[in-house]
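Enquirer: Quick one: sequence and predicted model below, then my questions.
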Amino acid sequence: MIKNFGNLFIVPTPIGNISDITYRAIETLKKIDYIASENYKKTLRLLNNFNIKKPIISLHQHNEFKNIKKIISNLLKKKNIALVSEAGTPTINDPGFLLIRECHFKKIKIIPLPGACSIITALSASGIPSNRFCFEGFIPSKKKERIKKIKSLKFEERTIIFFETARRIKKSLKELLKEFGENRKITIARELTKYWESIYCNKISYIFNKYKKNKIICKGEIVLIISGYNKKKKISEKIKKTLKILKKYFSLKKTALLTSKIHKIKKNSLYKYLLKKQNNDKNKKLL
Ligand code: SAM
């Protein structure tokens, strides 16, 4: 049962284009008592833009734990508070989760407003299936962790979303190409809603080559969208050729295993394909 305290409003802010603020967000920021913000300067600039004057207290990664007490105590005193982040939707890879959890615990009403979010904006334009997806945050910066993370998602069937920095994108593309293979589709959504907005969608190999040749600008904020692992992958002509050659020298099992290693795909589907083909060939001979 929600108690009669103040309300906590979750207010998304633009990820670039200031016009992406919603009417409801402006109305909310006008009526609340104060704002808990991840970035004081950015929030002040936003408020100035819309002629809103409200006190701002800081709530970021390093003081979240400490400042929650203060915010909760004000909510309990019936103050209405808006939570905003540096850009986009608060709590989505931004501070706020601990505060929201505490509000649930204290039965304080939470009112989330829909609005700008780089993940959803990128996904909507990605040209990659968006009916099932997982968001994996930033690709780790350290090589070992990066490889581990990418390897762990190799057989993820849902569309995969990452944040990445312009500085590390080439390294990540190289690993993605190595682990996911050249045919996986990738969309790079860069500087969304801003002047230099660009959205590239192609095979990983194609995008990686473009980056290698500096044909894609390596600056700005980036969301990466990668198509999920296709369980029922069609066996390409190239793979069929490898199977045909190896089959002359090895058993079906060994042929499937070696081909799976060469082309980095699951051996079971290759083995099933070989068995089916063998049966079909036998049947043809009988006719
Ligand atoms: N809460 C935010 C949201 O809802 O979009 C995400 C915050 S996260 C700390 C910041 C990352 O989001 C950036 O490093 C970048 O990967 C992505 N991002 C934010 N704005 C973006 C934009 N305009 N274009 C592309 N990516 C963006």
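Expert: Received, thanks.
Enquirer: Bridged to the residue in the stretch 1-150 of the chain that the ligand sits nearest to, which residues?
Expert: Residue of the stretch 1-150 of the chain nearest the ligand, by C-beta to the nearest ligand atom: residue 88 (2.3 Å). C-beta: built from backbone N, CA, C; applies to glycine. Here residue 88 sits in beta bridges with residue 13, going by DSSP bridges.
Enquirer: That one: neighbour count?
Expert: 24 (other C-beta atoms under 10 Å).
Enquirer: quick one, what contacts it?
Expert: Shown in contact with residue 88 (C-beta atoms under 8 Å, 6 or more residues apart in numbering): 12, 13, 15, 94, 115, 116, 117, 118.
Enquirer: can you tell me which of these are in strands?
Expert: Here DSSP state E is the test, and these give no hits in strands at all.
Enquirer: In helices, which of those appear?
Expert: residue 118 (DSSP state H).
Enquirer: which two from the contacts of residue 88 end up farthest apart in space?
Expert: With C-beta to C-beta as the measure, no two of the contacts of residue 88 lie farther apart than 94 and 115, at 12.9 Å.
Enquirer: which residue sits closest to residue 216, ignoring its sequence neighbours?
Expert: residue 210 (4.8 Å; C-beta to C-beta, 6 or more residues apart in numbering).
Enquirer: From what I see, that neighbour and residue 217 are in contact.
Expert: No: contact criterion C-beta atoms under 8 Å: residue 210 and residue 217 do not qualify, at 10.4 Å.
Enquirer: Which one's more surrounded, those two?
Expert: Shown here are residue 210 and residue 217; by other C-beta under 10 Å, residue 210 has more neighbours (15 against 12).
Enquirer: Which helix or which strand is home to that one?
Expert: Assessed by DSSP states H and E, residue 210 sits inside helix 204-212.
Enquirer: likewise residue 141?
Expert: Per DSSP H and E: nothing holds residue 141, as it lies in no helix or strand.
Enquirer: How confident is the prediction for it, by pLDDT?
Expert: We have a pLDDT of 95 for residue 141.
Enquirer: Which residues of the stretch 1-150 of the chain lie near the ligand?
Expert: Taking C-beta under 6 Å from any ligand atom as the contact definition, the stretch 1-150 of the chain meets the ligand at 15, 16, 85, 87, 88, 89, 92, 93, 94, 117, 118, 119.
Enquirer: so what's the first one up against?
Expert: Put plainly, it is residue 15. 87, 88, 116, 117, 118, 121, 192, 193, 221.
Enquirer: Spell out the residue ranges of the helices in this protein.
Expert: 23-31, 40-49, 64-76, 97-106, 118-124, 143-152, 169-180, 204-212, 237-247, 252-263, 267-286.
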